[in-house]
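Asker: Turn this into a structure:
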Amino acid sequence: MEGGKNAASRSPTFGSSSPQCVKLGDSEPLALQLDGDVVIGGLFPLHYVAPKPQHAYHSKPQQTPCSGFDLRAFRWMMTMVFTVEEINRNSNLLPGVKLGYRIMDSCDHVHTSLKALLSLVSHSMAVKDTQFKTLPSCPSHSPVPAVIGLASSSPTRAVAHTIGSFGIPLVSYFATCACLTDKHIFPSFLRTVPSDLFQVRGLVQLVTYLGWRWVGTVGTPDDYSHYGIQAFAKQFKEQGGCLAFHLTIPISPTVSEIQEVADRLQSSTAQVVVVFATEGQLLRLFTELVQRNVTGIQWVASEAWVTAHLLTSPGFHLLLEGTLGFSFPGVRIPGLKEFLLNIRPSPKPGMEFVQMFWEELFGCRLEFGGDRSSENTTNILDNFMQLVHHSSNPESQTNSGKPVCNGSEDLRHIDSSYTGVSQVRISYNVYKAVYAIAHALHHVLACNSKTEGKCENNKSFSSKQLLDHLRIVNFSNQFEEKIYFDSSGEPVPLYDVINWQKDSKGEIRFVKVGSYDGSAPSGQQLQMDQSNIVWTGGQPQVPVSQCSAPCRPGSRQARRAGEPHCCFDCLPCADGEISNQTGSTECIKCPEYYWPDKDKVKCVAGVEEFLSFYDTMGIILVTLTLLGVILTAIITTVFHRFRSTPIVRANNSEISFLLLLSLKLCFLCSLAFIGQPSVWTCTLRQVAFGISFVLCLSCLLVKTIVVILAFRAKVPGSRALKLFGPPQQRALIVCTTAPQVCLCAGWLLGAPPFPFRNPTYQPSTGKIVVECKEPWPPGFYLVLGYIGLLAFLCLLLAFLGRKLPDTFNEAKLITFSMLIFWAVWISFIPAYVSSPGKFTVAVEIFAILASSFGLLLCIFLPKCYIILLLPEKNIKKGMTRKYIK
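Answerer: Predicted coordinates for the structure are as follows:
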């Protein structure tokens, strides 16, 4: 790794003589380098905290070092060194050409990355004086034909945009932002890591596969986080998910800003948080959450930190155990671990990064014994490390307070992210990037031509030529993976699903629990082994993250105003509707004649309901009907037995028998209303009711007229009585009954009632009422109205004759019976209209029976009383008032 000799005169050349560029400066930034025939540049974030640039423009800015040494990034850098050396030993790849490297620290920020880039592509070892360094060429003819880097997307965008105009290839190993796909803005950018476009698709599939619809996101202001979370939010919402919050960690957050982010995380109902950030950016937030003893959050990590050993220390176990995330496929690179373990610090120039690593890993201060140059190098590094400590924490101690180490310490006894190379991922991306450039150089230098197994060392080429060959490179490496770039400079999108699990030693291990292949057909991209997943806090079951619990069957979701659709209230389904699935957004209306069960989860066939002969009410009504018929028959028998007595003869026995017959029909017609409606019962019931009552009232009307005419006559045998004799009485009965018969006949012929299953009353009973539907309701009310007209005439005439001088004045009885009749039927109308289902029929039957009993008992019971119990009054003399006196 020491600086090598200048390339031989036969080394391949790129670029040509060009005007000199001059750079103002007093020192070269630190770099790890190896001279070679072709030198590849490298940019790695060895530190993750960069100082804020402070330029007053009144004096030359002071160089402020970065802080926060990243052991994992140092391993990436050493993987590039290892790969270059491996290629140099390979006689089949670039034979006769020695690869070199110049690697610098990007500090993971835009301004430090650009500064390192400009130093990298314009580097010259020739120094003319102490104020100016003369460069052999400008960036378009850079001494570095290709650059490997960077890790974060924002610095990568800045660097790619800068060198894209010069055609210098930039191959990233970790910058995943989808924004870098645009070849119009970044024409020379390629990468060995898939775009976030595929990672986002995979994360959305992972989250929805596990049933999480209510998640939060955490990111940073950089491009990687901004574009990643923006794409995730869009696709997640398209899949029906909702974002509970989005929190942004500032670049250099204050304590209050970190506490504010932690407060939001603690107060949110979302138990799943998707994080797009790097481990360095998350360190302070996670430390704050650990201090608050926050647990129960299921972290979903992007590839930027899912394999970060920095966050696997025991203090973070309660918070981060069970973390899930996407990472790049890991491999075991033969010889890499041995190479990394054999690294040793040296006081020679160019080894400053190794010395920083050594002091960081062992927590010591390096001191080398030997010559004066070694002592000077140690003093320079001490001064640099003091600046680092003071820039990150002014109150911290410098290296002078640490134990001394000499570089002979054994790395095999240290367990860190640097030595954990059983399955390398980002390092493997670096490995592929170096090999891709080497294969492109192999084609540029025509190493496959017949040149005695050597490359054309005298061939001149430019960076743009190398870029053209790099875009079409296609080879298989020792792991049988096919390495190539598509038209956008992207590799095949392959990911492992990683789960943070504790091993038997209580240490966090990154366990593969699934995979994602972005090139596979839809539905086959995500493969999961859910049984092997350990969830947050070591829980065995999938955590639940929801704004509102899914509505149970029998209810539906009602979205809350002004909130995401994942936040809702559960409302029971309306009458006649069901929902048979959990989380239903709408209830389903049951088909006609079907009704929900009590839980409203299924439709059941409605139970038909009608006034049955077997119902309690039906039995009571049938009993009353039969009682009325029997009572009418008894009275008829009594009247027939005593038909020759004065009381029977005085009241026109013929009409009395006809009245008893009509009353018997009134009682019997009520039976047509009981039982399941059919075509004949629906046709019969109203016709029988209407005609029977009209016949009854016609008889009463005739009897009332006869009474009035008889007792209003001045002399016996008056002409009025002769004019209204039995033939006229029969004719009046026929004339008053005939209109009702015609009305019923027309009603039946025009719009006859028919059986109908009425579902109207299901909400209250859950049953289907079978009833007789009247397609022409006025027909029923006309029939009822005509009955009312005759009843009114009877009442009026009977009322006029109530004071006629007679011992047995039948007009009084008719008046009283008509009052009962009217009371019953006036109360019937509102009761009939308001009664539900079969009770409507029961109300009508009750009105028929009540009015029939009223007429029967009021008119005939007093006569039967006299006939049977007071026979002495049932004589002709007893019919005069004089006898009574």
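
Asker: got the contact list for Ser579?
Answerer: By CB atoms under 8 Å, 6 or more residues apart in numbering, the contact set of Ser579 is 551, 553-556, 573, 586-588, 600-601. To be clear about C-beta, it is placed using only N, CA and C from the backbone, and glycine gets the same treatment.

Asker: Do a quick rundown of the helices in the stretch 751-885 of the chain.
Answerer: Counting by DSSP state H, counting those that start in this stretch, the stretch 751-885 of the chain has helices at residues 762-765, 777-800, 810-834, 838-869, 881-884.

Asker: Give me the helices and strands touching the longest one, please.
Answerer: Read it as helix 838-869. In terms of contacts (3 or more CB pairs under 8 Å, 6 or more residues apart in numbering; DSSP states H and E), helix 838-869 is packed against helix 616-641, helix 646-650, helix 653-669, helix 679-712, strand 767-773, helix 810-834.

Asker: To Asp410, which of these lies closest?
Answerer: strand 767-773 (87.8 Å; CB to CB).

Asker: Buried residues of that closest one, list them for me.
Answerer: By neighbour count on 16 or more other CB atoms under 10 Å, the buried set for strand 767-773 is 767-772.

Asker: pLDDT-wise, what's the bottom of those residues?
Answerer: On pLDDT alone, Lys767 ranks lowest of those, at 76.

Asker: How much space separates that residue from Cys242?
Answerer: According to CB to CB, to the nearest Å, Lys767 stands 43 Å off from Cys242.

Asker: Repeat that for Arg641.
Answerer: From Arg641 to Cys242 the distance is 91 Å (CB to CB).

Asker: what about the nearest residue to Val275 once chain neighbours are set aside, which SS state?
Answerer: Distances taken as CB to CB, 6 or more residues apart in numbering place Val218 nearest to Val275, at 4.6 Å, with adjacent residues excluded. Look at Val218: counting by DSSP: H, G, I helix; E, B strand; the rest coil, its state is strand.

Asker: Tabulate the buried residues of strand 767-773 in a markdown table, adding columns for distance to Cys864.
Answerer: Output for the buried residues of strand 767-773, formatted as a markdown table (distance: CB to CB, whole Å):
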| residue | distance to Cys864 |
| --- | --- |
| Lys767 | 44 |
| Ile768 | 46 |
| Val769 | 41 |
| Val770 | 41 |
| Glu771 | 39 |
| Cys772 | 37 |
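
Asker: Show me which pair in these is furthest apart.
Answerer: Using CB to CB, the buried residues of strand 767-773 span at most 16.9 Å, a distance reached by Lys767 and Cys772.

Asker: ok, back up a step: could you redo the helices of the stretch 751-885 of the chain as a markdown table and give each row distance to Pro347 and mean neighbour count?
Answerer: Shown next, in a markdown table, are the helices of the stretch 751-885 of the chain (distance: least, CB to CB, whole Å; neighbours: other CB atoms under 10 Å):
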| stretch | distance to Pro347 | mean neighbour count |
| --- | --- | --- |
| helix 762-765 | 93 | 14 |
| helix 777-800 | 113 | 18 |
| helix 810-834 | 107 | 18 |
| helix 838-869 | 107 | 20 |
| helix 881-884 | 154 | 10 |
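
Asker: looking at these, which is closest to His226?
Answerer: With CB to CB, the closest approach to His226 among the helices of the stretch 751-885 of the chain belongs to helix 762-765: 54.5 Å.

Asker: average model confidence for the closest one?
Answerer: For helix 762-765, mean pLDDT rounds to 59.

Asker: now do stretch 298-309
Answerer: When pLDDT is averaged over stretch 298-309, the result is 91.

Asker: Please could you give me each C-alpha atom of it, formatted as CSV?
Answerer: Provided in CSV are the C-alpha atoms of stretch 298-309 (Å, rounded to 0.1, in the frame of the first residue of the first chain):
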residue,chain,number,x,y,z
GLN,A,298,-40.9,-2.5,14.8
TRP,A,299,-38.1,-0.9,12.8
VAL,A,300,-38.0,-1.5,9.0
ALA,A,301,-34.6,-0.5,7.8
SER,A,302,-33.3,0.5,4.4
GLU,A,303,-30.2,-1.0,3.1
ALA,A,304,-28.2,2.0,4.3
TRP,A,305,-28.2,0.8,8.0
VAL,A,306,-29.7,-2.7,8.0
THR,A,307,-26.2,-4.3,8.4
ALA,A,308,-24.6,-1.5,10.4
HIS,A,309,-22.6,-3.0,13.3
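
Asker: Need phi/psi at Lys459.
Answerer: Backbone geometry at Lys459, expressed as degrees, to the nearest 10, gives phi -80, psi 130.

Asker: just Cys567 next, same as before
Answerer: According to degrees, to the nearest 10, Cys567 has phi -100, psi 120.

Asker: Touching, it and Ala561? I think so.
Answerer: No - under the criterion of CB atoms under 8 Å, Cys567 makes no contact with Ala561, lying 10.0 Å away.

Asker: More neighbours: the two, which one.
Answerer: Taking other CB atoms under 10 Å, Cys567 and Ala561 do not tie; Cys567 has more neighbours (18 against 6).

Asker: give the contact list for that one.
Answerer: Shown in contact with Cys567 (CB under 8 Å, 6+ apart): 242, 547-548, 559-560.

Asker: switch to 6 Å and redo it
Answerer: Taking CB atoms under 6 Å, 6 or more residues apart in numbering as the contact definition, Cys567 lies against 547-548, 560.

Asker: Show me which of Arg641 and Cys242 is the more surrounded one.
Answerer: Regarding Arg641 and Cys242, a neighbour count based on other CB under 10 Å identifies Cys242 as having more, with 18 against 12.

Asker: Surely that one touches Cys566?
Answerer: Yes - counting by CB atoms under 6 Å, Cys242 touches Cys566, with 3.6 Å between them.

Asker: any shared contact partners between the two?
Answerer: Trp214.

Asker: Going by secondary structure, Leu743 is in what exactly?
Answerer: Assigned by DSSP states H and E, Leu743 falls within helix 726-750.

Asker: ok now that helix, how far from the chain's centre?
Answerer: Taking CA atoms, centre = their mean, to the nearest Å, one finds helix 726-750 lying 72 Å from the centre of the chain it belongs to.

Asker: Check which residues of that helix are buried.
Answerer: Buried positions in helix 726-750, judged by neighbour count with 16+ other CB under 10 Å: 729, 732-733, 736-737, 740, 743-744, 747.

Asker: now, which of those sits nearest Pro345?
Answerer: Nearest to Pro345 among the buried residues of helix 726-750: Trp747, at 114.6 Å, using CB to CB.

Asker: For the closest one, which non-adjacent residue is spatially closest?
Answerer: For Trp747, ignoring the flanking residues on the chain, the nearest one in space by CB to CB, 6+ apart is Gly779 at 3.9 Å.

Asker: Could you check how far Tyr101 is from Cys551?
Answerer: 62 Å.

Asker: So between the two, which is more surrounded?
Answerer: Using other CB under 10 Å, the more surrounded residue of Tyr101 and Cys551 is Tyr101, with 25 against 22.

Asker: so the more buried one sits right up against Asp35, yeah?
Answerer: No - Tyr101 lies out of contact with Asp35 (CB under 6 Å); the separation is 9.2 Å.

Asker: Just send the contacts of Cys567 back as TSV, with pLDDT and secondary structure too.
Answerer: Shown next, in TSV, are the contacts of Cys567 (pLDDT from 0 to 100; DSSP: H, G, I helix; E, B strand; the rest coil):
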residue	pLDDT	secondary structure
Cys547	91	coil
Ser548	90	coil
Arg560	89	coil
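
Asker: So among those residues, which ones count as buried?
Answerer: Neighbour-count burial (16+ other CB under 10 Å) applied to the contacts of Cys567 gives 547-548.

Asker: Export the contacts of Cys567 as a markdown table, with columns for distance to Gly164.
Answerer: Listed next are the contacts of Cys567 as a markdown table, based on distance: CB to CB, whole Å:
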| residue | distance to Gly164 |
| --- | --- |
| Cys547 | 44 |
| Ser548 | 49 |
| Arg560 | 49 |
